[in-house]
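Q: build me a structure from this.
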Amino acid sequence: MEKRGSLDFIELNYRPHLIITSHADQSHWNLFKNTGPGDPDNNFQQYLKPYWYRKSGRGSINFMKRTFRTSLTNATCPVAELPSFISIFPKLRSNICFGRLLNKSRNI
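A: Coordinates of the predicted model:
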């Protein structure tokens with residue numbers, strides 16, 4: 001890590017995957033619902049099979065078979081409910097240098 005001005009920067013020696021699937025603005029806020037260890041409604045918990053997240057007995061929730069764990073209550077929304085990222089940058093398709101656009105399991 002190195003310092004530039006008052007900010008810390010991390011130098012990467014590889015190109016990590018960046019996956020941008022959708023976007024949301026204030027017109028989509030109503031789609032987001034609380035999820036968290038103390039949330040009584042269990043919003044979107046059964047959206048995917050197996051469950052998108054499960055509450056643990058230790059005051060946290062585990063998303064996607066323990067891929068991600070949090071103890072915070074946060075507003076969340078399944079990505080499939082949001083508009084595609086490409087819809088705000090339609091010319092992006094022809095300007096990607098190191099990547100590709102995918103539609104489900106096939107290139108588009």
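Q: show the pLDDT at the residue nearest to the spatial centre of the chain.
A: Centroid-nearest residue in the chain: Val79, 7.1 Å away (criterion: Cα atoms, centre = their mean). Val79 is assigned a predicted lDDT (pLDDT) of 86.
Q: for it, phi and psi?
A: The phi/psi pair for Val79 (degrees, to the nearest 10) reads phi -60, psi -40.
Q: which ones are touching it?
A: By Cβ atoms under 8 Å, 6 or more residues apart in numbering, the contact list for Val79 reads Thr21, Ser22. For every residue, glycine as well, the C-beta is placed using N, CA and C.
Q: quick one: it from Leu48, how far?
A: Noted for Val79: a distance of 11 Å to Leu48, by Cβ to Cβ, to the nearest Å.
Q: and if you look at Asn13?
A: 35 Å.
Q: so for those two, which residue has more residues nearby?
A: Leu48 (13 against 4; other Cβ atoms under 10 Å).
Q: chain neighbours aside, what residue packs nearest to Leu82?
A: Nearest non-adjacent residue to Leu82, counting by Cβ to Cβ, 6 or more residues apart in numbering: Ser22, 3.8 Å away.
Q: swap in Gly36?
A: Once flanking residues are discounted, Gly36 sits nearest to Thr73: 2.8 Å by Cβ to Cβ, 6+ apart.
Q: list the contacts for the one you found?
A: Applying Cβ under 8 Å, 6+ apart, the residues near Thr73 are Asn34, Thr35, Gly36, Pro37, Gly38, Asp39.
Q: let's see 10 Å
A: Contacts for Thr73 were tallied using Cβ atoms under 10 Å, 6 or more residues apart in numbering; they are Asn34, Thr35, Gly36, Pro37, Gly38, Asp39, Ile61.
Q: ok, Thr67 - contacts?
A: Residues in contact with Thr67 (Cβ under 10 Å, 6+ apart) are Tyr53.
Q: low-confidence ranges, this protein, go.
A: Scanning the chain for pLDDT under 70 picks out 1-10, 12, 16, 98-108.
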